[in-house]
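J.: Turn this into a model:
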Amino acid sequence: MKTITALIVAAGRGTRAASDIPKQYHKIAGKPILYLTIKACLEHNDISQIVCIIHKDDVDLYKETVSEIKDTRLSPPAFGGDTRSQSVLNGLNEISSKFVLIHDGARPFLPKDALSRIIEGVQKHDACFLGLPIVDAIWKMSDNRTLEPVEREKLWRAQTPQAFVTKTIRNAHLKNNNSAIDDVEIARNAGITVTPILGAEENIKITWPTDLSFARRLIGKNMDIRVGNGYDVHALGKGDFVVLNGIKIIHSQALIGHSDADVAMHAITDAIFGALCEGDIGQWFPPTDVKWKGVSSDIFLRKAVSRCRERGLKINHLDCTIICESPKIAPYTKSMQENLSQITGIKINSISIKATTSEQLGFTGRNEGIAAQATATLISL
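T.: The predicted model follows:
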């Protein structure tokens, strides 16, 4: 039997967000809000199952949202009802865990420490919710006029998750016959004592269009942004072509190296490994190992790309400069961009390929070799 299930309520239509799709599927930093909410719950190892409650018309949106999530703790979704309470009950009927965390699908910034507090709280108190004491002055209003101050010392702003013993809150929902504002009210109506647990200011619920703008700013502050640099050199020797960024270019000489000596792709790969702080090509693919002799350098680049995904990062931009007197690079830059785009999965307009000479100075100026330098920018998924 699973111990703790996160039940994510995402069946609403989100009309107040003024979007053509429900707000939970609106994207922030390239990812749907619901995706970010699920990932926040998956961050905690004590959560053994996640079930999303979705609208029956949103199946395709949901499938697209979770297509990149491979964690087996994410179970098939449940379908919502006519009210929020009915939707939650539908989800509760699909789970068998001892405890349940009921969380809004439009709260994507749930911090791990707040999640730890609510998990610890429900195991101690059986019923609790995340919330924040109100610190601002509160005034009672009528016809846009202030009437009297409201004592704030006993007031809290409720957040989610709201956590319960599953069997207890399921029974409370079965008895519920009104339009309760949340699961705390349903629990209290059933005579259950609910304990407040300190939440977090960043655990906002996205409701209005202005919330989307604030969320974008918030995720920008929290985003992991990394920049790595790469540099490589290979000598020119006997041969009749060179390979640069995976593109074969007819030439009077060939690049010499243990693999295919693709100096440009090596520089890009090292830039990615540098941004990951995971060494360089030589550490991952030692030139002393015969199995890498003569192989295509896209093997190295694909490994760096896969490490990005495994670390929860994606490549946002690549910039590569090839330094040589010859061959001419300009006729091949588009082909290089297309090849790198296919390997990395990023758009062509996020890949820059440039070339320069060293004005006949140094080893590149004497056509003794080709150098390349690259910069890779990674951002969190």
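
J.: the bottom helix or strand of the protein by mean pLDDT?
T.: Each helix and strand of the chain was given a mean pLDDT (mean pLDDT, DSSP states H and E); the minimum falls on helix 209-222 at a mean of 68.

J.: how about the helices in the protein?
T.: 33-42, 59-65, 84-92, 112-125, 166-175, 183-189, 209-222, 263-276, 281-284, 298-310, 333-344, 362-365 (DSSP state H).

J.: Select from the ones you listed the stretch with the lowest mean pLDDT.
T.: The minimum mean pLDDT among the helices of the chain belongs to helix 209-222 (a mean of 68).

J.: Quickly list the domain ranges of this structure.
T.: If you go by automatic domain parsing, the domain ranges for the chain are 4-222, 225-380.

J.: would JSON lines of these with mean neighbour count be doable?
T.: (C-beta placed from N, C-alpha, C; glycine too.) As requested, the domains of the chain are exported to JSON lines (neighbours: other CB atoms under 10 Å):
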{"stretch": "domain 4-222", "mean neighbour count": "18"}
{"stretch": "domain 225-380", "mean neighbour count": "18"}
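
J.: who's in contact with the spatially closest residue to S380 that is not a sequence neighbour?
T.: What sits nearest to S380 in space, not counting adjacent residues and going by CB to CB, 6 or more residues apart in numbering, is D224, at 3.9 Å. Counting by CB atoms under 8 Å, 6 or more residues apart in numbering, D224 touches 312-313, 378-380.

J.: swap in L155?
T.: Taking CB under 8 Å, 6+ apart, we find L155 in contact with 133-134, 138.

J.: Out of the residues you listed, flag the one nearest to N367.
T.: Proximity of those to N367 (CB to CB) peaks at P133, which lies at 72.2 Å.

J.: And the closest one, how close does it get to K124?
T.: 20 Å (CB to CB, to the nearest Å).

J.: Repeat that for D224.
T.: In terms of CB to CB, D224 sits 33 Å off from K124.

J.: Quick one: residues contacting the nearest residue to A261 once chain neighbours are set aside.
T.: In this structure, A261 finds its nearest non-sequential neighbour in L255, 3.7 Å apart by CB to CB, 6+ apart. By CB under 8 Å, 6+ apart, the residues touching L255 are 234-237, 239, 242-243, 261-263, 369-370.

J.: Kindly report the same for A264.
T.: 232, 244-245, 320, 322, 336, 353, 372, 374 are the contacts of A264 under CB under 8 Å, 6+ apart.

J.: switch to 7 Å and redo it
T.: Listed by CB atoms under 7 Å, 6 or more residues apart in numbering, the contact set of A264 reads 244-245, 320, 322, 372.

J.: From I28, how far off is it?
T.: In terms of CB to CB, A264 sits 34 Å off from I28.

J.: Next: N189.
T.: Distance from N189 to I28, by CB to CB: 35 Å.

J.: do the same with H103
T.: H103 sits 17 Å away from I28, going by CB to CB.

J.: do R152 as well
T.: 31 Å.

J.: follow-up on the earlier one: pipe the helices of the chain into CSV and attach distance to V9 per row.
T.: Shown next, in CSV, are the helices of the chain (distance: least, CB to CB, whole Å):
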stretch, distance to V9
helix 33-42, 10
helix 59-65, 13
helix 84-92, 6
helix 112-125, 15
helix 166-175, 12
helix 183-189, 9
helix 209-222, 17
helix 263-276, 36
helix 281-284, 44
helix 298-310, 29
helix 333-344, 36
helix 362-365, 61
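
J.: Identify whichever of these lies nearest to A11.
T.: helix 84-92 (4.6 Å).

J.: How about residues contacting the closest one?
T.: 7, 9, 11, 51, 53, 78-81, 100, 102, 166, 169-170, 173, 176, 180, 183, 186.

J.: ok, 6 Å please
T.: 7, 11, 51, 53, 78, 80-81, 170, 173, 176 (CB atoms under 6 Å, 6 or more residues apart in numbering).

J.: Kind regards, and thank you for your time.
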